[in-house]
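Trainee: Structure of the sequence below:
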Amino acid sequence: SSLHVAAAQPLVPAEIERLCDALAQRQTWLRTSGISDWPSGDLGQTYRFRHELFRKFLYDSLPAARRSRLHQRIGEAVEAAYSGATVEVAAELADDFARSGDVGRAVNYLREAANVARARFAHRESLALLDAAFAMLARQPEGEDRDPWEFRLQVDRAAAASSLFGHGSPPARAASERAEALARRLDASLERYLGLLVLFNFRIIRGAVAGATRLAQQMEAMAEQLGNPVLTFGSISCLAMADTTRGDLHAARERFEACVPMLPPEFRLPSFRDVLVPTLTGMAQNYCYLGERELARRASDDAIARADWLDDPFERACARVYEGYCAALFRDRPRAVALATAGRDIAREYAIEEMEAIGDIIAAWAARDDDAHIRRRRMVAGIGGLRRTGHLLGFPFYSSLLAEVELEAGDVESAAAVLAEARAFAEASGDRRHLAEVLRMSALAAERLGAHPETAAKWVAEARRRARRQGARLLLARLDDPPLRRG
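Mentor: Numbering: from 1, shown residues only. Okay, here's the model as predicted:
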């Protein structure tokens, strides 16, 4: 536009427009194409070359050093004009500063453009932009000055690769591990904290409870050091989620109930996933295991209301799928199938594979009037999807639902194998909140396979011991009822 040219040359936009209009009237190699309206209030005419070869010839005819200076001037002018709103032109700024050799600014705007792409679920584009940022960063020598930039990029790469390839994929794992190594060398800061939050989510979703807990503890110490109440909320919420997953239900309840009132309902964290929706869904699940049905329902409804207010497809899918999770825990099949299906459909529309898989697992379990063999195939496919994405959080719960349908289909050996894998995963990962139910069902499978009565009694005794220690009243009540007859 004339505004871009004016930034590069000592001419006012009106004079540039006069010259360009004259060229456009000749209809040889330039034409007008609209108006450029900058947030600074400046207006200018835009022009296009009639053929890309004209643009390339003129651009290549400029000496390289002059091209670099012109890109720098244009980039600085656009940056100033869009101050506070550079997200709108991040890709353009990244290109100008990359061509001028301003590495710091180029990396910053490539990263901003990558985050914009990820927000609209264009994860492949996001990774390509991050790769370009890494290539720019490679021009700088390794050391303290480069570490903070690489940390930010590795965190972003872990998030984008997790969304595109799965949380357990080699690119996501490599980026996460490198980011964690860099984080240990950096000073406390808001940006480092947010990076740790991304890494926490990566760990907890993969079912790595011990590693996630360590990261949450680092976040807690950093929040205290920085004295920021929003960061304190985040660290308490993460610790509560880790507590729930581990089965430390009463500690988790105290933390959830302490942190939720810390933030006003209208709070939004810019350019980052919402923090209240996952906190509310985690709180609801914790209440479920404690047997607090009304409190769980209230927290789940609040999560859905907030997700709808945010109008974020990911949060809307998560809130509904996880309320379906709660309904399944309470054996409320009609509610479970309705909510899980609603969340699954949103996830399917926006290609959120892990939420689609979880929604279909729960919906298939709840659809008891359908053929058990068809339901089993759907659930096996859903669990396969979770393995593919690396989303292993809650694996013992989903496995117990599958084992129940296997038993309904009469395939006791398959049910026993599913439950054995769930027990091994719970012990290895630390995701033990649902282990008592897995043990209860293991006793049932053992009885149906004709095992010695002491084998089933051992599973039941261990299930009761764990449920009591956790305070999981929901699972304790199930141990007192005839297996699989509730709901």
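Trainee: Please, where are all the helices along the stretch 101-250 of the chain?
Mentor: For the stretch 101-250 of the chain, the helices defined by DSSP state H, counting those that start in this stretch cover 103-119, 123-137, 147-165, 170-183, 190-205, 209-226, 229-246, 249-259.
Trainee: Show residues contacting the fourth one.
Mentor: Read that as helix 170-183. By C-beta atoms under 8 Å, 6 or more residues apart in numbering, the residues outside helix 170-183 that reach it are 127, 147, 150-151, 154-155, 157-158, 161-162, 165-166, 192, 195-196, 198-199, 202-203, 215, 218, 390. From N, CA and C alone the C-beta is placed, and that goes for glycine too.
Trainee: same thing with the third one?
Mentor: Taking C-beta under 8 Å, 6+ apart as the criterion, the residues outside helix 147-165 that touch it are 104, 107, 111, 114-115, 118, 121, 123-124, 126-127, 130, 133-134, 137, 140, 169, 171-172, 175-176, 178-179, 182-183, 185-186, 191-192, 194-195, 198-199, 202, 205, 390.
Trainee: again, but for the second one
Mentor: For helix 123-137, the surrounding residues in contact (C-beta under 8 Å, 6+ apart) are 91, 94, 98, 103, 106-107, 110-111, 113-115, 117-118, 146, 149-150, 153, 156-157, 160-161, 163-164, 171.
Trainee: Which stretches in this structure count as strands?
Mentor: 30-37, 43-49 (DSSP state E).
Trainee: give me the low-pLDDT residue ranges for the stretch 151-300 of the chain?
Mentor: 270-272 (pLDDT under 70).
Trainee: I should have written the stretch 301-450 of the chain there, sorry.
Mentor: Ranges of the stretch 301-450 of the chain meeting pLDDT under 70: none found.
Trainee: any chance you could map the helices in it?
Mentor: 313-329, 333-349, 353-366, 372-389, 395-408, 412-429, 435-448.
Trainee: Now mean neighbour count too, for these, in a markdown table please.
Mentor: Below are those laid out as a markdown table (neighbours: other C-beta atoms under 10 Å):
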| stretch | mean neighbour count |
| --- | --- |
| helix 313-329 | 25 |
| helix 333-349 | 21 |
| helix 353-366 | 26 |
| helix 372-389 | 18 |
| helix 395-408 | 24 |
| helix 412-429 | 19 |
| helix 435-448 | 24 |
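Trainee: okay if I get those as JSON lines plus distance to Glu224?
Mentor: Converted to JSON lines, the helices of the stretch 301-450 of the chain look like this (distance: least, C-beta to C-beta, whole Å):
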{"stretch": "helix 313-329", "distance to Glu224": "28"}
{"stretch": "helix 333-349", "distance to Glu224": "36"}
{"stretch": "helix 353-366", "distance to Glu224": "33"}
{"stretch": "helix 372-389", "distance to Glu224": "34"}
{"stretch": "helix 395-408", "distance to Glu224": "33"}
{"stretch": "helix 412-429", "distance to Glu224": "28"}
{"stretch": "helix 435-448", "distance to Glu224": "33"}
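Trainee: ok, back up a step: can you list the helices of the stretch 101-250 of the chain in JSON lines and add distance to Gly282?
Mentor: What follows is these, written out as JSON lines (distance: least, C-beta to C-beta, whole Å):
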{"stretch": "helix 103-119", "distance to Gly282": "23"}
{"stretch": "helix 123-137", "distance to Gly282": "25"}
{"stretch": "helix 147-165", "distance to Gly282": "19"}
{"stretch": "helix 170-183", "distance to Gly282": "21"}
{"stretch": "helix 190-205", "distance to Gly282": "10"}
{"stretch": "helix 209-226", "distance to Gly282": "12"}
{"stretch": "helix 229-246", "distance to Gly282": "5"}
{"stretch": "helix 249-259", "distance to Gly282": "7"}
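Trainee: Let's have those in a markdown table, adding mean neighbour count.
Mentor: Output for those, formatted as a markdown table (neighbours: other C-beta under 10 Å):
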| stretch | mean neighbour count |
| --- | --- |
| helix 103-119 | 22 |
| helix 123-137 | 20 |
| helix 147-165 | 23 |
| helix 170-183 | 19 |
| helix 190-205 | 22 |
| helix 209-226 | 19 |
| helix 229-246 | 23 |
| helix 249-259 | 19 |
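Trainee: Of all the ones you listed, which one comes closest to Gly384?
Mentor: Between Gly384 and the helices of the stretch 101-250 of the chain, the tightest spacing by C-beta to C-beta is seen for helix 147-165, at 15.4 Å.
Trainee: Surely Ser237 touches Val277?
Mentor: No - in this structure, Ser237 is not within contact of Val277 by C-beta atoms under 8 Å, at 10.9 Å.
Trainee: Find residues that contact each of the two.
Mentor: Common contacts of Ser237 and Val277 (C-beta under 8 Å, 6+ apart): none found.
Trainee: Contacts only, for Pro264.
Mentor: Listed by C-beta under 8 Å, 6+ apart, Pro264 has no contact partners.
Trainee: Which phi and psi values does it adopt?
Mentor: phi -70, psi 150 (degrees, to the nearest 10).
Trainee: if I look at it, how far off is Ser399?
Mentor: Relative to Ser399, Pro264 is positioned 39 Å away (C-beta to C-beta, to the nearest Å).
Trainee: Can you check the pLDDT for Thr32?
Mentor: pLDDT recorded at Thr32 is 73.
Trainee: shouldn't it be in contact with Gln25?
Mentor: No - Thr32 lies out of contact with Gln25 (C-beta under 8 Å); the separation is 9.4 Å.
Trainee: Compare the two and say which is more crowded by neighbours.
Mentor: More crowded of Thr32 and Gln25, by other C-beta atoms under 10 Å: Thr32, with 15 against 11.
Trainee: any idea how far Glu15 is from that one?
Mentor: 16 Å.
Trainee: next one: Tyr289
Mentor: 72 Å.
Trainee: higher neighbour count, the two?
Mentor: Set Tyr289 next to Glu15 and count neighbours by other C-beta under 10 Å: Tyr289 wins out with 26 against 13.
Trainee: What separation do you get for the more buried one and Ala296?
Mentor: 9 Å.
Trainee: just Leu474 next, same as before
Mentor: According to C-beta to C-beta, Leu474 and Ala296 sit 9 Å apart.
Trainee: go on, Arg333?
Mentor: As judged by C-beta to C-beta, Arg333 and Ala296 stand 16 Å apart.
Trainee: Overlap in contacts, Leu474 and Ala296.
Mentor: When contacts are counted by C-beta under 8 Å, 6+ apart, Leu474 and Ala296 are jointly contacted by Cys288, Phe330.
Trainee: these two touch, right, Ala81 and Asp42?
Mentor: Yes - counting by C-beta under 8 Å, Asp42 is a contact partner of Ala81 at 6.5 Å.
Trainee: more crowded one of the two?
Mentor: With other C-beta under 10 Å as the criterion, Ala81 and Asp42 differ in neighbour count, and Ala81 comes out ahead with 18 against 15.
Trainee: what bits of the stretch 1-150 of the chain have low per-residue confidence?
Mentor: For the stretch 1-150 of the chain (pLDDT under 70), the answer is 1-13, 16-17, 20, 30, 34, 36-41, 43, 47, 59, 84.
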